[in-house]
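A.B. asks: below are the sequence and a predicted model; questions follow.
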2 protein chains.
Amino acid sequence: MNREFEFLKIISNTLTNPSFLGDDCAYLDEYKLAISKDCLVEDVHFSFSFMTPYEIARKAVLVNISDILASGAKPNYILIGLSGKLDEKFIKEFYLGINDVIEKYNIKLIGGDLVKGDKLSISITILGDYKNRNVSSRKNAKIDYIVATIGEFGSSAKGLEDLKNGLKDNYFIQYHKNPPLFEEITSKIATTVKNPYAMMDSSDGLFDCLYQIALKSKVRLDIDYNLIPKKNDDRNLVLFGGEDYCPVVCLSKEDFNKIDGLIKIGIVKEGKGVYIDNKKAEYRGFKHFE
Amino acid sequence: MNREFEFLKIISNTLTNPSFLGDDCAYLDEYKLAISKDCLVEDVHFSFSFMTPYEIARKAVLVNISDILASGAKPNYILIGLSGKLDEKFIKEFYLGINDVIEKYNIKLIGGDLVKGDKLSISITILGDYKNRNVSSRKNAKIDYIVATIGEFGSSAKGLEDLKNGLKDNYFIQYHKNPPLFEEITSKIATTVKNPYAMMDSSDGLFDCLYQIALKSKVRLDIDYNLIPKKNDDRNLVLFGGEDYCPVVCLSKEDFNKIDGLIKIGIVKEGKGVYIDNKKAEYRGFKHFE
């Protein structure tokens, strides 16, 4: 939501003990559990015009797994609340989508709620264990750290654009509907790095990750556009298109060298903001479906 | 939702490893954490005609705390997702309601999500710790156990009826808007009982609790209507009115005798179903607002 920052400030000012705010996951250190909550609403985050209940369910879970992976934790439990015009056929298709993902990632569905309503609203809470793992925080980028990633940027947004243009299926549409996650590399990072690191998933676009990390870590990120992995040439989609769910990481050189597969795209410097090819780039929010 | 049973069966049949279903909370034994998720939807569970954003928020949190208390755990963390027509004024009032309850119960708000939508939809995930506590399950009632409770039944439903009849304020309306919880006694039970016990909160009415426990424990519950604590004489509201959030407990005589304040209302017998004054009572679902 565009006004989320503003609202979070109001919430923070309203609470006697504001103890959240910051990363996508909250870390419960006494249990070594990361926890994240996400709400997905019809015609805001997804549309039945483009995706089936199976596909919507699958992606809703993937998106949440991605948040846990970016924290460094290993997803283990999920709770799903649904409100909408629910019927047997929908429930069956939807939970087939859920099942296929949670089975693959060895996650247990442990609860939820079913409520009638107008438009479909999906609320997901996911937990992940981080015993013997280092967790990330967007506050952790430090000067001389490497900015690195894996995956491809802009592909999901290109797929959404293609769907809106009436195309039915192609590589990018598949990427949009069923984005790959990078559990192996995020696990490797969380179990290997020695120094604090920042990691986010690019749910709201590459630029958003870079911007948030630069802001919270009080540093400047210098990115070389040509180094960004991508399969399409639309600079706008590559930088600002969302829903790629690629991990974007800032970590020490020493740690970077231990992680095979990570692609260096830039460097952390003293200063503020995000620079692409030495030119300061401005923040633009990403809107999902609408 | 009336068809929730039916839908849960479909979900259970669709999942490769159905590991949930049963109690209001899921128990994560490796962490000693109870977790529960609840969705509250405008014009299904509440209405702005009768309650302010502050009151709706306060009750939404209370309802969820009640689920954790009935599990035997101590609530400690909460996540709140909101979708709806959100603006500054609404957010401020809503989170004042949240704050007043979480401060009282020493619960931390650790995350959530804000999404735009039409009608207000509140999704809450709450966690509770059960280290050094026994947790309840509706499967745990055994023959010769005491059926006991505390609080008053039908008061909340009477309040809702009064609101619908145009009344603005009275004892029952206050009970409906701001139901008392019974943390002291649920904590005492969870830290004192030696034998397995069943406990539920009467969110869907007293009869629903009795019915669910009888069903899951495969026993018969015999209730003496006159022993039920109540402040209004409408038998229908006392038995079937929801949103009282009183703990309904089946526990051994030995354990019952250790807990001051619990009121005996019946006894567990061999058989099936719920008998009120020796007459079998039939299940009727409870609808919240609508």
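C.D. replies: Done, it's in. Residues are numbered from 1 along each chain as shown, chains lettered A, B, ... in the order given.

A.B. asks: can we go C-alpha only for contacts and neighbour counts from here?
C.D. replies: Fine.

A.B. asks: mind checking the SS state of residue A:70?
C.D. replies: Here residue A:70 takes the helix state, with states given by DSSP: H, G, I helix; E, B strand; the rest coil.

A.B. asks: against residue A:141, how distant is it?
C.D. replies: Distance from residue A:70 to residue A:141, counting by C-alpha to C-alpha, to the nearest Å: 14 Å.

A.B. asks: over to residue A:39?
C.D. replies: Distance from residue A:39 to residue A:141, by C-alpha to C-alpha: 28 Å.

A.B. asks: okay, the two: which has more neighbours?
C.D. replies: residue A:141 (30 against 27; other C-alpha atoms under 10 Å in any protein chain shown).

A.B. asks: quick one, domains of chain A?
C.D. replies: A:23-129, A:146-281 (automatic domain parsing).

A.B. asks: out of those domains, which gets nearest to chain B?
C.D. replies: domain A:23-129 (4.5 Å; C-alpha to the nearest C-alpha).

A.B. asks: how close does residue A:250 sit to residue A:99?
C.D. replies: Residue A:250 is 33 Å from residue A:99, by C-alpha to C-alpha.

A.B. asks: residue A:25 too?
C.D. replies: Relative to residue A:99, and taking C-alpha to C-alpha, residue A:25 is found at 23 Å.

A.B. asks: now residue A:194. Its backbone dihedrals?
C.D. replies: phi -100, psi -30 (degrees, to the nearest 10).

A.B. asks: please say which of residue A:250 and residue A:99 ends up with more neighbours.
C.D. replies: Counted by other C-alpha under 10 Å, residue A:250 and residue A:99 do not tie: residue A:250 has more neighbours, with 34 against 26.

A.B. asks: does the more buried one touch residue A:143 like I think?
C.D. replies: No. Taking contacts as C-alpha atoms under 8 Å, residue A:250 lies outside contact range of residue A:143: 9.8 Å.

A.B. asks: need the overlap of contacts for the two.
C.D. replies: Contact with both residue A:250 and residue A:143 is made by residues residue A:268, according to C-alpha atoms under 8 Å, 6 or more residues apart in numbering or on different chains.

A.B. asks: got the contact list for the residue lying farthest from the centre of chain A?
C.D. replies: For chain A, the residue at maximal distance from the C-alpha centroid (C-alpha atoms, centre = their mean) is residue A:88, at 30.7 Å. Residue A:88 makes contact with B:7, B:10, according to C-alpha under 8 Å, 6+ apart.

A.B. asks: then residue A:265?
C.D. replies: Contacts of residue A:265 by C-alpha under 8 Å, 6+ apart are A:146, A:147, A:148, A:149, A:223, A:224, A:225, A:227, A:228.

A.B. asks: what's the most distant pair in the residues you listed?
C.D. replies: A:146 and A:225 (14.6 Å; C-alpha to C-alpha).

A.B. asks: chain center to the host helix or strand of residue A:191, what's the gap?
C.D. replies: Using DSSP states H and E, residue A:191 sits in helix A:183-192. Distance of helix A:183-192 from the chain centroid (C-alpha atoms, centre = their mean, to the nearest Å) equals 16 Å.

A.B. asks: show me what the next helix or strand after it is packed up against.
C.D. replies: Next helix or strand after helix A:183-192 toward the C-terminus (DSSP H and E): strand A:198-201. Packing partners of strand A:198-201 (3 or more C-alpha pairs under 8 Å, 6 or more residues apart in numbering or on different chains; DSSP states H and E): helix A:53-71, helix A:206-217, strand A:247-251.

A.B. asks: repeat the analysis, applying 10 Å as the threshold.
C.D. replies: helix A:53-71, strand A:146-149, helix A:183-192, helix A:206-217, strand A:247-251 (3 or more C-alpha pairs under 10 Å, 6 or more residues apart in numbering or on different chains; DSSP states H and E).

A.B. asks: right, so of those, which gets closest to residue B:184?
C.D. replies: Among these, helix A:53-71 sits nearest to residue B:184 (C-alpha to C-alpha), with 35.4 Å.

A.B. asks: centre of the chain versus the closest one, how much separation?
C.D. replies: 9 Å.

A.B. asks: repeat for stretch A:238-254
C.D. replies: 9 Å.

A.B. asks: endpoints of that stretch, how far apart?
C.D. replies: For stretch A:238-254, the first-to-last residue distance is 28 Å (C-alpha to C-alpha).

A.B. asks: what mean pLDDT does it get?
C.D. replies: The average of the pLDDT scores along stretch A:238-254 is 96.

A.B. asks: how about that stretch and chain B, touching?
C.D. replies: No. On the criterion C-alpha under 10 Å from any C-alpha of the partner chain, stretch A:238-254 is out of touch with chain B, staying 16.2 Å away.

A.B. asks: next, the buried residues of that stretch.
C.D. replies: A:238-252 (16 or more other C-alpha atoms under 10 Å in any protein chain shown).

A.B. asks: beta partners for residue A:83?
C.D. replies: Beta-bridge pairing for residue A:83 (DSSP bridges): residue A:115, residue A:121.

A.B. asks: and it, how far from residue A:107?
C.D. replies: Taking C-alpha to C-alpha, one finds residue A:83 at 22 Å from residue A:107.

A.B. asks: ok, the two, which is more surrounded?
C.D. replies: Neighbours around residue A:83 and residue A:107, counted as other C-alpha under 10 Å, are more numerous at residue A:83. The numbers are 23 against 20.

A.B. asks: for the residue farthest from the centre of chain A, give me the pLDDT.
C.D. replies: 92.

A.B. asks: likewise for the one 4 residues further on?
C.D. replies: In the prediction, the pLDDT value recorded for residue A:92 is 95.

A.B. asks: so which helix or strand takes in it?
C.D. replies: helix A:88-105.

A.B. asks: what angle sits between that helix and helix A:53-71?
C.D. replies: Put simply, helix A:88-105 runs at 30 degrees to helix A:53-71, going by axes from the mean of the first three to the mean of the last three C-alpha atoms, to 10 degrees.

A.B. asks: ok, now which ones touch residue A:161?
C.D. replies: A:155, A:167, A:172, A:173, A:176, A:237, A:289 (C-alpha atoms under 10 Å, 6 or more residues apart in numbering or on different chains).
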